Every structure is written in structure tokens, then in C-alpha cells.
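# sequence first, predicted model second:
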Amino acid sequence: MTTTSFGFGEATKLVRSGSSTPGDAADRLLAQMSDKELLWLLDGDVPRFKVFTLPKLIAAGPVAAGRTDRLGIPGIRFSDGPRGVVMGASTAFPVTMARAATWDPALEERVGLAMGREARAQGANYSGAVCVNLLRHPAWGRAQECYGEDPVLIGRMGAALTMGLRPNVMACVKHFALNSMENARFTVDVKVAPHPLHEVYLPHFKAVVDAGAESVMSAYNKVNGEWAGDSRPLLTDILRGEWGFDGIVTSDWVWGVHDPVRSLQAGNEIEMPARLLRARTLHKALRDGRLSRDTVVTAGRRILATQLRHYATRETAQPAPSVVAGAEHRALARLVAARGAVLLKNDAVAGTPLLPLNVAALRRVAVIGRLATEANTGDHGSSLVHPPSTSSPLEGLREALPGIVVTHADGSDVAAAARIAAEADVAVMIAGMTHDDEGERISNENVDGTAVFGFPFTWGPVKWLMKKLSSGVAGQFGQGGDRQCLTLSPEEEALVAAVASANPRTVVVLIGGSAILMERWRGAVPSILMAWYPGMEGGRAIADVLTGVQEPGGRLPFVIPTDAAHLPFFDVGATSIVYDEWWGQRMLDRDNHVAAFRFGHGLGYTDFTFRLTGYGDDGMASVAVRNIGARDGAAIVQLYAFDSKASPPIPQLVGFARVELAAKADTSVSVTLDLGPLHQRDPDTAVWSRRPGAWRLVAAPVSPDAAAMATALADGHTLLC
Ligand code: BGC
């Protein structure tokens, strides 16, 4: 092929000036392309055998698909991920679940903007940061990458991240759909009926698509018997037909496409990230008529039009390399970690709540636990970020408490730990999880060689070869997986008990990506702070919260039950599993189980009252908010709808807003409602309608229990909606 004068640059100019639509400009490019070039667009550019070096490639720079230098086509230039940019030495933000706990979409949008700038500054144009799978069960190994259990919260936060990313990079939302088990993700068939599929597991994907996400990543698992990456019902009928999505679908990596022709016909444009199944199949399929040229051109048009639209509308200024883990983004990471920290419990000791610590009266602080010296930024899967520096809880506390003796015991010797706790004014125990306990997992047991070699590696020598080659991948992705047990380890529980009995002024700081059951020790300690995987500035942020420099701003994005038996059925090794409409707080409410901590729970350092004052047809509610405490602070106003005639009524989150108020001040807050949870979709006609019911609205600091709903009804503060 000869070089041409109408390349991607010229096409972008026409789109930017409004003289061409992205689709028409894409057609002009497509008209110049050979079949070979067209097919090149449909998979990642990484050569097949380089798949085994992916962790290195990913850290070194973006991974491209469809880059075509002859026409100046950049291709998608992918970089993950959910807690920051995985290339180079970028800012490690608190994990997605920590950010979900901020209930603060405006803050999440700032995180998206920071991630987008860092990604673009390092050559990417496409980000895999937006993970919105719903947390159906807290054992899910990748829970930390998602926004919790509630469709409205997930949708708002995922949309905010998307809007933040888009000025600099195309946003990809993943994993479509029903990907919320880790060990079995490559094999499990998730069975789901139309109602829960559309009303529980998909609304937040739609919210992100509506926020302009340019791309959707298909999931590894099957949905109703068909691989999600090859599924026409998901990728075409729902995504494009019902939702009007006009961007591109890419597969999840390596094992996300099973049938190369069928996946393309189903609406999956790009097999990522390498020349695997499609590179071996599509040329021949096109020649022998199993694949029509129209299908290829339609996919090519979507790929190019999406890139053109992005390049024509993205922010013109190229971010400087210095934005990457620069002071501004590190400060944002620190703020977000404090805003997401959830104070679960803060009882009075000698008449005063233990937190914030009275720093002026401290002389000696004991920091206990093996995790006290770990920065613990999250799992070691595809979302692993390599920040230039980190801060452990011990370092953070030592930095925050100059002149105060801060001792440490790792807890391997329980008696020694109890001794230093007893000698201190306060004991801070850091307990919880690491990447060995939970996270993304790729292991020889759960993948096969079909995608890479073209046949399964059940044959001994191939198995051996695969193991050898995959050691680079396994080196990063090893361990992790779903949690087998939702409590702390027995050793850590014993350590908490010993420390708490040695010092009544004990704070437990929990590290982890999801619910930790704490019934065996919850009553023994006055204060519990859920700090998640708090990012590269995590230790400093934990110190900020404990010392009162910052309020713990977080609220739980899921329920913490008292017993794992109150949760839906979960089997780490399932080959098939049913997802229905009962999970999380809703399931506990239906079964009348009292939670350890309800969905939405979290304490601050002051107290608020909320009163619903109005609800209008414009979908806005107004709430009178008062800070009744003696300290400035912030609250999350939460609005729940419930059917007062249902037995039992089950509250559904329909809106929320963060409000900051000075001590004793009051204000009126307008909250935009999302009444999606009150609607149902007719499976035959795909028409949505209001669910019958006597719907009431209540403003609350936490998901209301039966008593709170009854009080709201009796007070007459509920309105018909
Ligand atoms: C994960 C995706 C990720 C991709 C690329 C896959 O293993 O499931 O979430 O975006 O790798 O890093």
C-alpha cells in the first residue's frame, strides 16, 4: 500500500471542525484499508507469545490494539486501572471500594481527572479504570475494585469516574456482565432471570454508558449458558439495542473470546490484548464466507469513529509528565483515603469517645500488627500500581506524632504485643487482609492454553510449557482469589482480644476490600475504623483520621452481617450459580436478620439530624440538615424509598448527597433522586414501568431498619413519590 494524504490526523481535524461526523470520517479511512489492515483493527497488537510477558508490558507502557502507522491511526492504547495508572510510577489511589465509601461523586470525578491525566501523560488514550460489577457476596476476591452492593451508588460513582477520565482518555467500563466471582471467573455460568439481570445487575452499567463511556469490556464468565464475550443478547441486543451505546466493546484479556467469528458477530469489536484466536481465524473465515465483510467493516467503523470522536473532543493540552504522582495527586490520594475511611464504632472510654485521639494528652502509643508496617495498597492483579513512595500506618503515625513515643509489635509474640499495649496511652491495632488473602488470581488451575496455543493444555508436556511460560504472569497474579473465610484469621482475632484486654483504649484499624465479620471481638474494643486498602498515602491518611486532622468521612457501601449464613449462596468453585434479586442489605431485611453494621453506616466526629421537607416532580428532594454537635463536620444525606405496604418493607437507596456544615449550623440540601430501583422492566416488551406499591421516601443517615421506617411514617415526614 502507498502512503495516503487522508490519514487519522486529517480525519480528526474534520470532526473537530464539525465538517464531518466521526462515522463519515471513519468511512473515508476504512475505504483506503486492505482486508489485512481491517482485520488488524480487531485484536490487540501484542504478538501471541509475548502474552507471557504482559505484566512487564503493562507496566512499561500502554498496550495498543489496531495501531496502523500508514494511516496515522493510534489504535486504542490501553492502560489499567481501578486504583490508578498501572504504568510507570504513578499515583496509587485508595482502591475503588474505599472511594465508594466516600459517597462523593464530585471527589470521584477529581480522581478520574487525575488518573486520566497520568494515563495520557504516559502515552495511553484508553483506561480500564471503571469497574462496576455489583458486590453480590463479600468473599469476591476483586471486591476492592468495585463500588459495593448498591446499583444507585455504583452507578453514580462509576459515572463520576468516567466523566473525570474522558477529557484525557477513553473510558472503558467493565466487566460486562455478572463478573463477581474470582476463582471460577474463567468457567462459571451465571444463570439469571430477566428481572434481576436488568433491574439489579445492569442499571449501573447503563448509568456509566449514559455518562459517555466510550468502551465496554466484556466479562470472562458465561451468562445463561453463553460466554459473555461472545454474547449477542448482552453486547448487541441490550447494550446497543436497548441502551443506544455507540462505542466499542473489547474483550477481557486473553481468555475473554471463545469463538472468534461469533464474538465479532455478537458485537465484540476487539479481542484483547494480543493476536490470539482472531489472528488465526478471521482471514480464512472472511475468505470462505463464514464472516461477512459487512460485519468487519461495521466493527472497524465503530473502532475508528470512537477514536476520532475522542481525539476531536479531548482536552487539547497534553498533561506534563510531572503530573504523574505529583504533589497535587498525592494530596488527593491522601484526602480520598480519609474521606473513605469508615468509623464503624467509637464508644466512650472514661466518658469521652476514644476518637479522635486527644493528642495533647498522649505520651506513648502502641501500634500492633504485622500490617502496621505494610503500605498495603491492594492486590497484585491487573490493577497493581507501582507508586514512587508509600506510607504505612506506623510511618504515618510516627510522622503525625512527633515527640510522642510510638512503639510497634508485629503480634507474632502475643504476650509482647499485649505488654507494649498495656504500657501505652492508646493501642492501635492494624488488622485485616493482604493480596495473599484476596484479589485477582490467575493460576494454572483456572486457565487453559486454548487462547494462546489453539488447543487446551491437558497434555502433560504442554501443561509443563504453559507453566514455565506463565510464571511471569503468575509472578504478579499469584495468590489472591476469593476469600474462603470472612473473618480475620484466628491468630489475628486472638491478638485483638489480647491487646484489647491489655488496654481498654484500643482502636482496631481494618485493612481489606470488603466486609470483615467481627462478631468474636466487636464488643471488646471501643473503636473500629475500616481503612480499606488506602493507597500510597494511606498511613498518613489513617493518622489524619485518628488524630482528628480529618474526619472519617466514609459510609459503608455494603452491609456487614453478623453471620456469613445471612448472605447469598456462594461457592468459590461453582461451575454454575444462580444470581437472583436477593443480596446484601436487602436480603438481611427480607429475612429479618439484624446486621452488625447496616449499609450506609458510618460515624463522624459530630452528629447530624435530617428531615425530609419536600419532593417534587423534577426528581429532586429537599432535606433540612443540622449539625447538632460542637465540631464542624460532614454527613452523607441518604434517601431511601420503601413500599410501606410491603411485608417487610425493604428500603432502596434512591439518592444521596454529601454536606459539610459548621458546628450548630443548619442548611437545606437538594438531592437528585434516581428512582430506577422503583421500576421494573417487562421481559417481553422491554418497557419499564413503576412497580406497584405505596412508595414512601425517608431521609436517613444509614439504610433505615424497620423501626426507623415506622418512625418516619408516623412522623409524617414521608412523601408519596
Ligand atoms: C482483568 C481486567 C483487566 C485486564 C487487563 C484482566 O485479567 O480481568 O480487569 O482490565 O486483565 O489488565
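Thanks, I have it.
# and this protein, which of its residues are near the ligand?
80-81, 128, 174, 252-253, 382 (C-beta under 6 Å from any ligand atom). No exception for glycine: its C-beta is placed from N, CA and C like everyone else's.
# tally up the residues packed near the residue in the chain positioned nearest to the ligand, please.
When scored by C-beta to the nearest ligand atom, the chain has Ser382 as its residue closest to the ligand, at 3.2 Å. Number of residues near Ser382 (other C-beta atoms under 10 Å) recorded here: 22.
# I'd assumed Ala418 was in contact with Ala498.
Yes - at 4.5 Å, Ala498 counts as touching Ala418 under the criterion of C-beta atoms under 8 Å.
# and those two? Which one has more around it.
Ala418 (23 against 19).
# who are the contact partners of the more buried one?
498-499, 501-502 (C-beta atoms under 8 Å, 6 or more residues apart in numbering).
# show me how to select, in PyMOL, the buried members of those.
Only the buried entries of the contacts of Ala418 go into this PyMOL selection, using 16 or more other C-beta atoms under 10 Å:
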select buried, resi 498+499+502
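# which two of the contacts of Ala418 have the greatest separation?
Greatest spacing in the contacts of Ala418, by C-beta to C-beta: Val499 and Ser501 (7.6 Å).
# host element of Val216?
strand 215-218 (DSSP states H and E).
# next secondary structure after that strand?
strand 222-223.
# what residues does that next one touch?
So strand 222-223 is in contact with 177-178, 188-190, 192, 197, 228, 231, 233-234, going by C-beta under 8 Å, 6+ apart.
# which of the residues you listed fall in helices?
Among the contacts of strand 222-223, DSSP state H puts none in helices.
# how about CSV for those, with neighbour count and pLDDT added?
Below are the contacts of strand 222-223 laid out as CSV (neighbours: other C-beta atoms under 10 Å; pLDDT from 0 to 100):
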residue, neighbour count, pLDDT
Ala177, 26, 98
Leu178, 28, 98
Val188, 24, 96
Asp189, 18, 98
Val190, 25, 98
Val192, 20, 98
Leu197, 23, 98
Ala228, 29, 98
Ser231, 26, 98
Pro233, 16, 98
Leu234, 28, 98
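# ends of stretch 464-477, how far apart?
18 Å (C-alpha to C-alpha, to the nearest Å).
# can you give me the strands in the stretch 151-300 of the chain?
Ranges of strands within the stretch 151-300 of the chain are 170-176, 189-192, 215-218, 222-223, 226-227, 248-250, based on DSSP state E, counting those that start in this stretch.
# closest to Arg555 out of the ones you listed?
strand 170-176 (23.5 Å).
# what packs against the closest one?
Contacts defined by 3 or more C-beta pairs under 8 Å, 6 or more residues apart in numbering; DSSP states H and E place strand 170-176 against strand 126-131, helix 151-165, helix 203-210, strand 215-218, helix 293-313.
# grab the nearest non-local neighbour of Leu371.
In this structure, Leu371 finds its nearest non-sequential neighbour in Ile430, 4.5 Å apart by C-beta to C-beta, 6 or more residues apart in numbering.
# surely that neighbour is in a strand?
Yes - under the criterion used here (DSSP: H, G, I helix; E, B strand; the rest coil), Ile430 sits inside a strand.
# that one: neighbour count?
Ile430: 30 surrounding residues under other C-beta under 10 Å.
# dump the residue contacts of it.
Taking C-beta under 8 Å, 6+ apart as the criterion, Ile430 is in contact with 367-369, 371-372, 393-394, 509, 511.
# closest one of these to Gly267?
Ile511 (40.0 Å).
# quick check: closest non-adjacent residue to Phe378.
Phe isn't right for residue 378; it's Gly. That would be Tyr533: by C-beta to C-beta, 6+ apart, it lies 4.0 Å from Gly378.
# do the same with Leu57
Counting by C-beta to C-beta, 6+ apart, Leu57 lies nearest to Val63, which is 6.1 Å off, once chain neighbours are set aside.
# residues in contact with that neighbour?
Residues near Val63 by C-beta under 8 Å, 6+ apart: 44-46, 54, 57, 77-79, 272-273.
# which one of the residues of the chain next to the ligand is nearest to Asp437?
Ser382 (17.7 Å).
# any idea how far Trp253 is from that closest one?
In this view, Ser382 and Trp253 are 8 Å apart by C-beta to C-beta, to the nearest Å.
# cool, Val698 as well?
Between Val698 and Trp253 the distance is 44 Å, computed by C-beta to C-beta.
# where does the chain have low pLDDT?
For the chain, residues meeting the criterion pLDDT under 70 lie at 1-4, 444-446, 455, 457-459, 461-463, 465-474, 478, 717-721.
# and the most centrally placed residue in the chain, what does it touch?
Among the residues of the chain, Cys146 comes closest to the average C-alpha position under C-alpha atoms, centre = their mean, at 2.3 Å. Cys146 makes contacts with 96-97, 100, 131-135, 154, 180, as judged by C-beta under 8 Å, 6+ apart.
# list buried residues within the residues you listed.
96-97, 100, 131-135, 154, 180.
# of all pairs in these, which one is the farthest apart?
Using C-beta to C-beta, the buried ones among the contacts of Cys146 reach their maximum pairwise distance at Ala100 and Ser180, which is 14.4 Å.
# phi, psi for the closest residue to Gly480 other than its chain neighbours please.
Leaving aside its chain neighbours, Gly480 sits nearest to Gly439 (3.0 Å; criterion: C-beta to C-beta, 6+ apart). When read as degrees, to the nearest 10, the backbone of Gly439 gives phi 140, psi -180.
# bridged to Gly439, which residues?
Gly481 (DSSP bridges).
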